[in-house]
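Based on what follows, work out the 3D shape:
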Amino acid sequence: MIIDSHQHFWKLSRNDYKWLTEDLLELYRDFMPNDLYPILNEHQIDKTIVVQAAPTIEETLFLLTLFEKYDWIAGVVGWLDFSSVNFQQNFEVLLRHPGFVGVRPMLQDLHEDDWILRPEVLKNVELLVQHDVPLDLLIKPRHIPYILELLKLFPKLRVVVNHIAKPNIAEQQLDGWKEAIEKIAMYPNAMCKLSGLVTEATHQNWTLEEFQPFITHVVNVFGTERVMFGSDWPVCNLSGTYNDVLMILMENLPAKLLGKDLEMIFGENAKRFYKL
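Numbering: from 1, shown residues only. This is a model prediction of the structure:
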């Protein structure tokens, strides 16, 4: 089974998406299941994980209605406010839905890089550990020291780094990111999505070769049993196509990988991580 572990839907009329502005020409329209399904069919993708794109529980509930309607949507990674006094109540509501498979705070958009270490936030992260619900990490390299502190506090917390923590691929900035991502990989409950790469490269002018050192390093430090393919559609449209995303990954994965390794990267790891 081939699973895209990271894609989005949105409907502009919902007014959830404050980051989505008219200057983002490739993205400023509705993207819904009927837009994605022909692409999945073309590339023989069996299932997808839909990830929140707005910091509202209402958007999460909207995505869960799509899960109920389309059997190829395997699960929804939703959003909750970890600093809210209502976190537990809202969390319990989502837990009752069979489509809810994880949660993602939009850490990259918050003013405080160490927000995840606030006492009220940590109290609610502990609920994730108790219920074995994974945490998607939307982070940049500057957040990694605080994520390492989080993992020291909760070594049983299951996390997945989104978009390999968004290093600057366009300028080949490996220093700092390389060492930091390796430290996260030392935690056995941490995984990493090979997603969101094309938008960190030179938009519309990237080469296949510039992704190679980043992909190789992630696979080397996490191993093939802890990385997963994600398209980041439709955000990938800023710099390429769904086909480009697949090509970038296939052309830059280590040549020594066996069929079983590819099965893990392109489906089995996501299936296990999200308990599909």
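
give the contact list for the most centrally placed residue in the chain.
Centroid check for the chain by CA atoms, centre = their mean gives residue 162 as the closest residue, at 3.8 Å. Residues in contact with residue 162 (CB atoms under 8 Å, 6 or more residues apart in numbering) are 6, 51, 104, 136, 137, 138, 139, 193, 195, 196, 230. No exception for glycine: its C-beta is placed from N, CA and C like everyone else's.

same thing with residue 190?
151, 158, 159, 160, 161, 184, 222, 226.

which residues touch the nearest residue to the fifth one once chain neighbours are set aside?
Right, the one you point to is residue 161. Distances taken as CB to CB, 6 or more residues apart in numbering place residue 192 nearest to residue 161, at 4.5 Å, with adjacent residues excluded. Residue 192 makes contact with 160, 161, 164, 181, 184, 185, 218, 222, 226, 227, 228, according to CB under 8 Å, 6+ apart.

Just the ones in strands from those residues, please.
Here DSSP state E is the test, and the contacts of residue 192 give 160, 161, 227, 228 as lying in strands.

what's the farthest-apart pair in those residues?
Pairwise distances across the ones in strands among the contacts of residue 192 (CB to CB) peak at 10.5 Å, for the pair 161 and 228.

Could you please give me the overlap between the contact lists of these two?
191, 192, 193.

average pLDDT across the helix or strand encompassing the last one?
The one in question is residue 193. According to DSSP states H and E, residue 193 maps onto strand 190-194. Across strand 190-194, pLDDT averages out at 98.

What pairs with that strand, parallel or antiparallel?
Strands adjacent to strand 190-194 in the sheet, as given by DSSP bridges, are strand 159-161 (parallel), strand 227-229 (parallel).

Of these, give the one that comes closest to residue 2.
strand 227-229 (8.1 Å).

any residues touching that closest one, and which ones?
3-5, 160, 191-195, 218-219, 249, 265-267, 269-270, 273.

hmm, 6 Å instead?
Residues from elsewhere that reach strand 227-229 (CB atoms under 6 Å, 6 or more residues apart in numbering): 5, 192, 193, 194, 219, 265, 266, 269, 270.

next one: stretch 13-28
10, 54, 56, 59, 237, 238.
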